[in-house]
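Chemist: What would the 3D arrangement of this be:
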Amino acid sequence: MYDAQEISIDLINDPQNAMRTEIDRNALFELADNIKQNGLINPITVRPVGDRFEVVAGHRRLSACKIAGKVKVLCIIRDLNENETFEIMAAENLERADVDPVDEATFLAEFMLRTNKSVSEVAKAVRRSNNYVESRLCIAQMPDYIREYLKNGLIKLGVALALFQITDERVRRVWVDLAVRDGVSVAQADYWLYGWKMNQLPGGSGSDIPPDGFEPGEIAPVMFECAIDGKKYNAKLFRTVMIYEGNLAFFNSIVAEIRAGGATEARATDQN
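Modeler: Model (predicted):
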């Protein structure tokens, strides 16, 4: 058990490796109001750094105390090394629902780099499963646009993890953008991934014909074949449609009729 004592806020440094890159300002001011009314219920954990102290757990509470105008704050002082500090910071922050997966990924990747621990050792330290840690490390390898989507809550983690496995970056970008636009489920993303693994995304191809407004040096768009008319269009113009497996035969019969009608119309036009 560690004793708590009051320390001047001026002597406490923010953590060098904070997990959160952004803090909800509204929630922070609400916490500051609560501290004004009820005081700081849970002490902040700090460690000695020279003649000052560094926050180990309670960075958000410290910020709220500053807003609340506190001069001193109740702290628990622990003599910790870098590895121990990282473990405590990770364990505390991962318990909070408002930490986005990108911040978690960056922190855990840094944790592994600094401590040279294995995935299983990190998982044990932060009280998470191996799969949990591996998924966060995968995020750390994702391109910036996927990480930005995740950070802003525009794509589900499961969707991002599935589509990240598409190794053709040009095609992957299209499918990720479609997933964000249409708000697809993890199951749908898994189906897309399966289709890519089996057939390299049936209907997808590089366009040999430059689109309108094309300028040299631009990347040719990915083209998909429409299931209705059989023509190829820019993949970004497609929409996700869910069809129950039992209705596929009915759907295919409708498509066959539409295409047959189109072929008949084309022949009539040629004869005229």
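Chemist: remind me which residues of the stretch 51-200 of the chain are low pLDDT?
Modeler: Scanning the stretch 51-200 of the chain for pLDDT under 70 picks out 93-98, 198-200.
Chemist: For the stretch 101-250 of the chain, just list every one of the helices.
Modeler: 101-115, 119-125, 130-140, 144-151, 157-163, 169-182, 186-199, 248-271 (DSSP state H, counting those that start in this stretch).
Chemist: Looking at those, which is nearest to M223?
Modeler: Between M223 and the helices of the stretch 101-250 of the chain, the shortest separation by C-beta to C-beta is 9.9 Å, and it involves helix 169-182. Yep, even glycine has a C-beta here, placed from its N, CA and C like the rest.
Chemist: Run through who's touching the closest one.
Modeler: By C-beta atoms under 8 Å, 6 or more residues apart in numbering, the residues outside helix 169-182 that reach it are 143, 145-146, 149, 154-155, 159-160, 163-164, 166, 184, 188-189, 192, 196, 201, 204, 206, 219, 222, 235-236, 238-240.
Chemist: Which ChimeraX command selects the buried ones in those?
Modeler: Remark: buried members of the contacts of helix 169-182, expressed as a ChimeraX selection using 16 or more other C-beta atoms under 10 Å:
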select :146,149,155,159,160,163,164,166,184,188,189,192,196,201,204,222,235,238
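Chemist: Take the helices of the stretch 101-250 of the chain and write them to TSV, including distance to E87.
Modeler: Shown next, in TSV, are the helices of the stretch 101-250 of the chain (distance: least, C-beta to C-beta, whole Å):
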stretch	distance to E87
helix 101-115	8
helix 119-125	5
helix 130-140	13
helix 144-151	24
helix 157-163	23
helix 169-182	33
helix 186-199	30
helix 248-271	51
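Chemist: just these: most buried one?
Modeler: Mean neighbour count, computed with mean count of other C-beta atoms under 10 Å, is highest for helix 157-163 among the helices of the stretch 101-250 of the chain, reaching a mean of 21.
Chemist: if I read this right, V55 contacts Q16, doesn't it?
Modeler: No - using C-beta atoms under 8 Å, V55 is not in contact with Q16, being 9.4 Å away.
Chemist: So which of these two has more stuff around it?
Modeler: Just comparing V55 and Q16: by other C-beta atoms under 10 Å the higher neighbour count belongs to V55, 23 against 10.
Chemist: If anything else comes up later, I'll come back, but that's it for now.
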